[in-house]
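J.: Have a look; sequence and predicted model below, questions after that.
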Amino acid sequence: MSALRQAELFDHVLEAYGAASAPLSNAQLYREVGERAGIDPEAWAEQIPLGPDQPGHSMLKRRVRWYQQTLRELGLLQRDADRGRGFWSITPKGRRKLTPAEPGRVLLGFSTDLGLALWADAGDVFLHVDEPIALCLSSLPYPLARPRAYGNPTSHEYVDWTIRLLEPIAKHLMPGGSICLNLSNDIFEPGSPARSDYLERLVIALKDRLGLWKMALDPWVNPTKPPGPIRWASITQQHLNVAWEPVYIFCNDPVLWMAKNQRVLEPHSERHLAYVRGGGAKRAKTNGDGAYRLYPGSFGRETAGRIPKNVRILPHRCADKERARKLAIEQSLPVHGATMPLKLAQFYIEYLTEQGQLVVDPCAGWGTTARAAEMAGRRWLTTEQMGEYVLGASNRFVDADGFELFGAMRHAA
């Protein structure tokens with residue numbers, strides 16, 4: 001199991017106990033962790049011998065029990081006195097809840113010279129933004145059947161919920177500005193292997209109700225994505241394991257769309273550079289029944305780089321995120337379990353905006369959009385409902401120019 005999976009497994013063990021209404025046995029814990037982490041059920045039965053004369057042991061179960069003991073030593077778990085050995089429940093310290101912003105109240109979280117993070121509901125902020133927004137980039141809460149600690153709408157509520165969230169942002173979007181959303185494929189109709197059509201309904205609603213045109217659907221391929229959907233791929237064996245998530249880009253004026261691929265050019269391969277520097281094509285050639293034609297000298301002019309493909313291949317492992325996670329644990333803050341890779345956010349900010357323009361995120365979480373905007377020299381504004389996540393996000397900005405932690409956040413820290 002990779003270092004990343006180990007770190008995530010710790011989070012899933014804590015989440016399983018936090019969501020349980022009664023003490024969990026080890027068997028119940030394995031089942032809950034497996035569903036949350038997307039672990040193939042057969043993986044629990046895999047055994048590795050510890051010695052020539054010793055029986056095999058499940059290293060996965062041993063790892064979970066090790067985290068169980070770690071949580072106990074941290075004072076986050078306690079043995080159930082009535083049921084005795086093998087039954088554990090979360091302590092009040094471990095069940096520390098997230099603190100939502102009070103409706104109608106906007107509190108300053110932290111700021112840098114380029115941006116401002118607010119502890120507030122997005123609806124209480126973006127209605128009153130007084131300057132054009134170039135880009136809204138967000139990984140919205142997925143409509144999961146098992147909600148995370150911060151909650152989420154169901155797939156049937158999702159369209160209306162998203163429209164309400166984005167409507168004030170769309171009103172302030174500059175002509176040619178973009179809304180870029182990382183969403184989930186892995187949403188199914190209740191009790192069925194049929195995928196939800198919430199994505200299709202959302203795309204149509206954004207056009208009909210907010211006047212936002214679908215400009216792109218980019219697959220984000222995650223090489224480290226756990227196997228899943230567990231029920232429909234591993235148990236019923238109907239679906240294939242999913243390796244990607246969709247990133248949608250919408251624009252209010254396609255003709256004025258500010259995307260520019262020259263801002264995100266990739267280096268040419270050495271082979272291509274040698275071909276170009278050798279003069280390119282040497283003779284005329286026709287491929288694909290005339291669809292593609294080469295002439296002498298084609299590809300003979302060196303350019304600044306190659307235009308990227310629309311498939312983003314990135315692991316969700318991120319060193320910046322892991323540092324934030326470590327600091328959050330040290331500060332006894334809840335760990336945010338769903339953050340997009342920093343490099344993914346950086347790519348779309350550089351592709352869709354210019355230096356100095358305003359980037360926003362209404363569901364900031366641990367501030368990945370803000371962090372990427374800061375690094376790219378864009379101004380930023382974010383809102384996050386949960387105060388603990390605002391404080392956790394601040395750990396990623398302490399080295400930024402002009403960093404300041406405000407009021408309630410400074411007291412909490």
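T.: Yes, it's here.

J.: Can you tell me the closest non-neighbouring residue to residue 265?
T.: residue 305 (3.0 Å; CB to CB, 6 or more residues apart in numbering). For glycine as for every other residue, the C-beta is placed from the backbone atoms N, C-alpha and C.

J.: And the helices in this structure, which stretches?
T.: 3-19, 26-37, 59-73, 158-171, 198-210, 270-277, 319-330, 342-352, 368-376, 387-394, 407-412 (DSSP state H).

J.: Mind checking those helices for the one nearest to residue 81?
T.: helix 59-73 (14.2 Å; CB to CB).

J.: distance between that closest one and the chain's centre?
T.: Relative to its chain's centre, helix 59-73 lies at 26 Å (CA atoms, centre = their mean, to the nearest Å).

J.: How about that helix, which residues are buried there?
T.: In terms of neighbour count (16 or more other CB atoms under 10 Å), helix 59-73 has its buried residues at 60-61, 63-64, 67-68, 71.

J.: Look up phi and psi at residue 259.
T.: Phi and psi for residue 259, reported as degrees, to the nearest 10, are phi -60, psi 140.

J.: Residue 174 - how many residues pack around it?
T.: 17 (other CB atoms under 10 Å).

J.: pLDDT weak spots in the stretch 51-200 of the chain?
T.: 51-56, 74, 93-97, 144-152 (pLDDT under 70).

J.: domains for the protein, by residue range?
T.: 3-90, 107-262+308-412, 267-294 (automatic domain parsing).

J.: Now distance to residue 98 too, for the ones you listed, in TSV please.
T.: Shown next, in TSV, are those (distance: least, CB to CB, whole Å):
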stretch	distance to residue 98
domain 3-90	11
domain 107-262+308-412	4
domain 267-294	43
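
J.: for the ones you listed, which one sits closest to residue 301?
T.: domain 267-294 (7.1 Å).

J.: before we move on, back to that, return the closest of the buried residues of helix 59-73 with respect to residue 342.
T.: The nearest one, if we look at these relative to residue 342 and count by CB to CB, is residue 67, at 25.9 Å.

J.: what's the neighbour count on the closest residue to the closest one other than its chain neighbours?
T.: Among residues not flanking residue 67 along the chain, residue 13 sits closest, at 4.6 Å (CB to CB, 6+ apart). The number of residues packed around residue 13, counting by other CB under 10 Å, is 27.

J.: re earlier: packed most tightly, which of the domains of the chain would that be?
T.: Highest mean neighbour count among the domains of the chain (mean count of other CB atoms under 10 Å): domain 107-262+308-412, with a mean of 19.
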